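Asks: need a 3D model of the following:
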Amino acid sequence: MAVRQMSTVCHPPTGRILPTFAAVAKYYGAGVDICPPRRGNRKGVVEKANHSAAQRWWRTVPDGISIDAGQNGVDKLAVQMDSRKRKIDGSSTTVGALAEAEPLLELPVRPFPAELEQTRIVSPQGLVSFAGNYYSVPPGLTGAQVTVRVRLGEDDLHVVTAGRAVVAQHRRAPDGAGQTIRDSGHVIALERAVLASFSDKAPCRTKVRRPPSAAAQAEAEKLRGRPTSDVANRVVIDLSHYAAVADRLRQAPTHEDQERESE
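Replies: Below you'll find the model as predicted:
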């Protein structure tokens, strides 16, 4: 495997491979050849392998192409690249045949155990955002800085404090799903913390129910277009008035009653 002099792979002044990248190459059983500086031809050989994908295919992909159509295009490109002719020791062959004849090792079952860490701030709701989702933490960490740790190939993520203590572990949701993952223990602890902050010893004075005053009732009557004096007149104490009205409503109005009301 030939690579350029990238700071994530090697030390550029010396060209020595970094221990972190050496562990990855050893895990996958790959050899690493660092391209020497000021060797344009060597660098061109490394980059030429990506020329067909970057120049011949990617620039011709139309806008709004679907995933299936894009995958079909890549598959057709792979067939064309494997059919390229090569001559080895005077005999003609193809790139695909040479690739199949290479003694490659089997890939490991699990990927290299690399860890991704991102710093986050706990929200007032006790949530931490990561990759388009929200994950709960125990109460009492509002505004604290925590670290979300994800290991490559695992389905769980861990929330770690500044003291390297793991305070939460969740099943990772699909990236960008907009889900809120809450642990049942965190929910119960948060409810207890919220309820403990309330007390009936000193009731809230700003939320006392007070009946409307006479002045307020008078203003309401003005808004309805009724005179203020009608308020006292409409108060009925004798229940016989209700009985008379009810008896009159039970009977269907006659023709004489309708003429009398129209006059």
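Asks: every contact and neighbour count from this point should use C-alpha atoms.
Replies: OK.
Asks: flag the shaky bits of the chain, pLDDT-wise.
Replies: Applying pLDDT under 70 to the chain flags the ranges 1-5, 38-49, 52, 199-209, 226-239, 241, 249-263.
Asks: for it, which helix is longest?
Replies: helix 67-82 (DSSP state H).
Asks: got the contact list for that one?
Replies: For helix 67-82, the external contacting residues (CA atoms under 8 Å, 6 or more residues apart in numbering) are 53, 57, 61, 94-97.
Asks: farthest-apart pair in these, please.
Replies: Among the contacts of helix 67-82, the pair separated by the greatest distance (CA to CA) is Val61 and Ala97, at 28.2 Å.
Asks: return the alpha-carbon coordinates of the longest helix of the chain using CSV.
Replies: The C-alpha trace of helix 67-82 is given here as CSV (Å, rounded to 0.1, in the frame of the first residue of the first chain):
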residue,chain,number,x,y,z
ILE,A,67,-28.5,5.5,-4.8
ASP,A,68,-29.2,2.5,-7.0
ALA,A,69,-28.4,4.3,-10.2
GLY,A,70,-25.1,5.5,-8.7
GLN,A,71,-24.2,2.0,-7.5
ASN,A,72,-24.9,0.6,-11.0
GLY,A,73,-22.6,3.2,-12.5
VAL,A,74,-19.8,2.4,-10.0
ASP,A,75,-20.2,-1.4,-10.8
LYS,A,76,-19.9,-0.7,-14.6
LEU,A,77,-16.8,1.4,-14.0
ALA,A,78,-15.2,-1.4,-11.9
VAL,A,79,-15.8,-3.9,-14.7
GLN,A,80,-14.1,-1.5,-17.2
MET,A,81,-11.2,-0.9,-14.9
ASP,A,82,-10.7,-4.6,-14.3
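Asks: how about it, which residues are buried there?
Replies: 77, 81 (16 or more other CA atoms under 10 Å).
Asks: off-centre distance for it?
Replies: 31 Å (CA atoms, centre = their mean, to the nearest Å).
Asks: C-terminal to that helix, what's the next element?
Replies: Using DSSP states H and E, the helix or strand that follows helix 67-82 towards the C-terminus is strand 85-88.
Asks: can you tell me the strand partners of that following strand and which way each runs?
Replies: Its sheet considered, strand 85-88 pairs with strand 91-94 (antiparallel) by DSSP bridges.
Asks: what about the strands in the stretch 101-250 of the chain?
Replies: With strands called from DSSP state E, counting those that start in this stretch, the stretch 101-250 of the chain shows them at 115-121, 127-130, 133-136, 145-151, 156-160, 166-171, 180-181.
Asks: which of these sits most buried?
Replies: strand 133-136 (a mean of 22; mean count of other CA atoms under 10 Å).
Asks: so which elements touch that strand?
Replies: In terms of contacts (3 or more CA pairs under 8 Å, 6 or more residues apart in numbering; DSSP states H and E), strand 133-136 is packed against strand 127-130, strand 180-181.
Asks: and those strands as JSON lines, adding distance to Gln80?
Replies: Shown next, in JSON lines, are these (distance: least, CA to CA, whole Å):
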{"stretch": "strand 127-130", "distance to Gln80": "40"}
{"stretch": "strand 180-181", "distance to Gln80": "46"}
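Asks: count of neighbours near the nearest residue to Pro113 once chain neighbours are set aside?
Replies: Nearest residue to Pro113, sequence neighbours excluded (CA to CA, 6 or more residues apart in numbering): Leu152, at 5.6 Å. Applying other CA atoms under 10 Å, we find 14 residues neighbouring Leu152.
Asks: cool, Arg210 as well?
Replies: Burial of Arg210 is recorded as 6 neighbouring residues (other CA under 10 Å).
Asks: how much space between the residue most central in space within the chain and Trp58?
Replies: Geometric centre of the chain, nearest residue: Gly132, 1.9 Å, by CA atoms, centre = their mean. Distance, Gly132 to Trp58, using CA to CA, to the nearest Å: 28 Å.
Asks: same question, Lys85
Replies: 23 Å.
Asks: on that earlier part again, nearest to Asp247 among the contacts of helix 67-82?
Replies: Using CA to CA, those come closest to Asp247 at Val61, 83.7 Å.
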